[in-house]
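Participant: From the sequence below, what's the structure:
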Amino acid sequence: MLHCPRSFARTIAFSGLFLATVVTPALAADPTGDWKVADGVATIRVAQCSGNMWGAVSWEKTPGGTDKNNPDPAKQTRPTLGMPILIEMKRKPGVDAWEGQVYNAKDGQFYSSTIKPVGTDQLEIQGCVLGFLCGGETWTRVGPPIPLSVAGNPPKPGAPKSAATPPAPKTTGSVAPATKPGQKQAANANASADIGDICLLPEIAHPTPTR
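Facilitator: I've put the predicted structure just below:
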């Protein structure tokens, strides 16, 4: 009969523990989904579009807001709901962080920024110093991670196509809050707004260079 030495058994156990500690953070580091900003006035939907992370306002506590502080007069009447906030954020090599620009609707300016998941339910925003998005605040997850958008992440040229794969549904739609049977969702300032797949928003699908 073969016997497994205790030292060998301990090695296997420690190896399994090491792999668990290494793999778990990697799986948890997903910045996509819906995040409520620190003061609760808005929710930002983050999704991967064309290889980069983008974020747009998916809910606002006070409906009907406009980008009135934008220096471009043509954009001062655009709704804040669906407005891109996190702009073309690229992953930093070797770390679970993405850097790009953040748009501050309070002064109509763009700032360099970094986003970094903390565990599964928090997202740190750093780099900007003005407004509700800035000063190194932490957002709280209110929606699950979002699978890749088929519309916002087209296959690479030359990639094989699978005839057996049916058209994929939009995967970045909002998650409606749960309601009890017979209960109607209130149509008030706290109601959820569905902006759908943010990769389809014109300003994300066809971005223009920021200042």
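
Participant: Which parts of the chain are helices?
Facilitator: 6-28, 202-205 (DSSP state H).

Participant: what's the least confident stretch among the ones you listed?
Facilitator: Of all the helices of the chain, mean pLDDT reaches its minimum on helix 6-28 (a mean of 43).

Participant: show me the contacts for Gln122.
Facilitator: 138-141 (C-beta atoms under 8 Å, 6 or more residues apart in numbering). Every residue, glycine included, has its C-beta placed from N, CA and C.

Participant: May I have stretch 76-95 as PDB, with CA atoms only?
Facilitator: The C-alpha coordinates for stretch 76-95 follow below in PDB (Å, rounded to 0.1, in the frame of the first residue of the first chain):
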ATOM      1  CA  GLN A  76     -25.900  72.700 -22.200                       C
ATOM      2  CA  THR A  77     -29.400  71.300 -22.800                       C
ATOM      3  CA  ARG A  78     -28.400  67.600 -23.100                       C
ATOM      4  CA  PRO A  79     -29.900  65.400 -20.400                       C
ATOM      5  CA  THR A  80     -27.600  64.200 -17.600                       C
ATOM      6  CA  LEU A  81     -29.300  60.800 -17.700                       C
ATOM      7  CA  GLY A  82     -27.300  58.700 -20.100                       C
ATOM      8  CA  MET A  83     -24.400  61.200 -20.100                       C
ATOM      9  CA  PRO A  84     -20.900  59.700 -20.200                       C
ATOM     10  CA  ILE A  85     -19.000  60.400 -17.000                       C
ATOM     11  CA  LEU A  86     -16.100  57.900 -17.200                       C
ATOM     12  CA  ILE A  87     -14.400  58.400 -20.500                       C
ATOM     13  CA  GLU A  88     -12.400  55.700 -22.300                       C
ATOM     14  CA  MET A  89     -10.600  54.300 -19.300                       C
ATOM     15  CA  LYS A  90      -7.700  51.900 -20.100                       C
ATOM     16  CA  ARG A  91      -6.400  49.100 -17.800                       C
ATOM     17  CA  LYS A  92      -3.100  49.900 -16.100                       C
ATOM     18  CA  PRO A  93      -0.500  47.200 -16.800                       C
ATOM     19  CA  GLY A  94      -0.200  44.700 -14.000                       C
ATOM     20  CA  VAL A  95      -2.800  46.100 -11.700                       C
END
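
Participant: got the buried residues for it?
Facilitator: Going by neighbour count (16 or more other C-beta atoms under 10 Å), the buried part of stretch 76-95 is 78, 80-89, 91.

Participant: which among these gets closest to Cys49?
Facilitator: The nearest member of the buried residues of stretch 76-95 to Cys49, counting by C-beta to C-beta, is Glu88 at 8.6 Å.

Participant: Go ahead and confirm that closest one touches Glu99.
Facilitator: No: at 10.0 Å, Glu88 and Glu99 do not qualify as touching, with contact defined as C-beta atoms under 8 Å.
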